[in-house]
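Asker: what's the 3D shape of this:
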Amino acid sequence: MKIKAYFYFDIISPYAYFFLKSRKVLEDRLEIIPTPIFFPGLLRLQDNRGPAEVPEKRIYTYQFCVWKAQKLKLPFQFPKRHPFVSIPAQRLLLQHHADLTMLDKAFDFVWAQGHDPELEWEEFCVAIGLPKNTPKPQDENIKKALIESTQTAANHGVFGVPSIRIDQQIFWGVDSIDWILEYLTKPEMFSEKEYQAVHSIINPLIEK
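Answerer: Take a look at the predicted model:
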């Protein structure tokens, strides 16, 4: 039986695109469960800032993504504006219980083809297999569900996207795939003294 792994994502993240395209090595051992959250909302919950909010970090991050896509040999193109407003797309993916196949289509629309899912809504809907006239979700239950999903992710220790949760352990970013594979082989890893020792490191920024 495969181990359940919750995949926390927001279509706003090119790194989530890279993760999806790199997931094949995990699929034999994990049941990857797509779990949409609202990344800007997660940042607010944790009093954090995204890379796009720091000009120097924004350009560096975008250039790194260009390099990473080339290394992965993936088609890659930024939308004309970023960060775009991702909440309608996230609500739609949540509303339709998007599986990995739908996510591939959604992320390809944005990150392989360079489209904006908010400004090109009809085209986005068609790309993921929905009618062109599909409205942006306004149902209060869907809005509430995305808020709750984001809060639950934060409660589990998620601080960025993409993140994978296996049991209570969080793995963040596409670069964590090798770490996940090792964890699956050695699930007691985080009980080892070297891993436990980091919890006792004093943080002078918050310690009195």
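
Asker: Where does pLDDT dip in this structure?
Answerer: Within the chain, the stretches with pLDDT under 70 are 207-208.

Asker: mind redoing it with 90?
Answerer: 1, 49-53, 205-208 (pLDDT under 90).

Asker: Tell me where the longest helix sits in it.
Answerer: helix 55-72 (DSSP state H).

Asker: Following element in sequence after it, please.
Answerer: Once the chain leaves helix 55-72, the next helix or strand it forms, by DSSP states H and E, is helix 87-95.

Asker: Strands along this structure, start to end?
Answerer: With strands called from DSSP state E, the chain shows them at 3-9, 30-36, 163-166, 169-172.

Asker: counting contacts, what elements does the first one pack onto?
Answerer: Counting by 3 or more Cβ pairs under 8 Å, 6 or more residues apart in numbering; DSSP states H and E, the packing neighbours recorded for strand 3-9 are helix 14-22, strand 30-36, strand 163-166. Glycine gets a C-beta too; all of them are placed from N, C-alpha and C.

Asker: that older thread, what angle sits between the longest helix of the chain and helix 14-22?
Answerer: Taking axes from the mean of the first three to the mean of the last three Cα atoms, to 10 degrees, one finds helix 55-72 and helix 14-22 inclined to each other by 10 degrees.

Asker: So which bits of helix 55-72 are buried?
Answerer: By neighbour count on 16 or more other Cβ atoms under 10 Å, the buried set for helix 55-72 is 65, 68-69.

Asker: Report the contact partners of D99.
Answerer: Counting by Cβ atoms under 8 Å, 6 or more residues apart in numbering, D99 makes contact with P34.

Asker: Now the phi/psi pair for it, please.
Answerer: phi -90, psi -180 (degrees, to the nearest 10).

Asker: re the thing from before, kindly reformat the helices and strands packed on strand 3-9 as CSV containing distance to D139 and mean neighbour count.
Answerer: Converted to CSV, the helices and strands packed on strand 3-9 look like this (distance: least, Cβ to Cβ, whole Å; neighbours: other Cβ atoms under 10 Å):
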stretch, distance to D139, mean neighbour count
helix 14-22, 24, 22
strand 30-36, 15, 19
strand 163-166, 26, 22
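
Asker: Put together a markdown table for the ones you listed, with distance to D178 on each row.
Answerer: Below are the helices and strands packed on strand 3-9 laid out as a markdown table (distance: least, Cβ to Cβ, whole Å):
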| stretch | distance to D178 |
| --- | --- |
| helix 14-22 | 10 |
| strand 30-36 | 14 |
| strand 163-166 | 12 |
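
Asker: Tell me which of the ones you listed lies nearest to W121.
Answerer: For W121, the closest of these is strand 30-36, at 16.7 Å, according to Cβ to Cβ.
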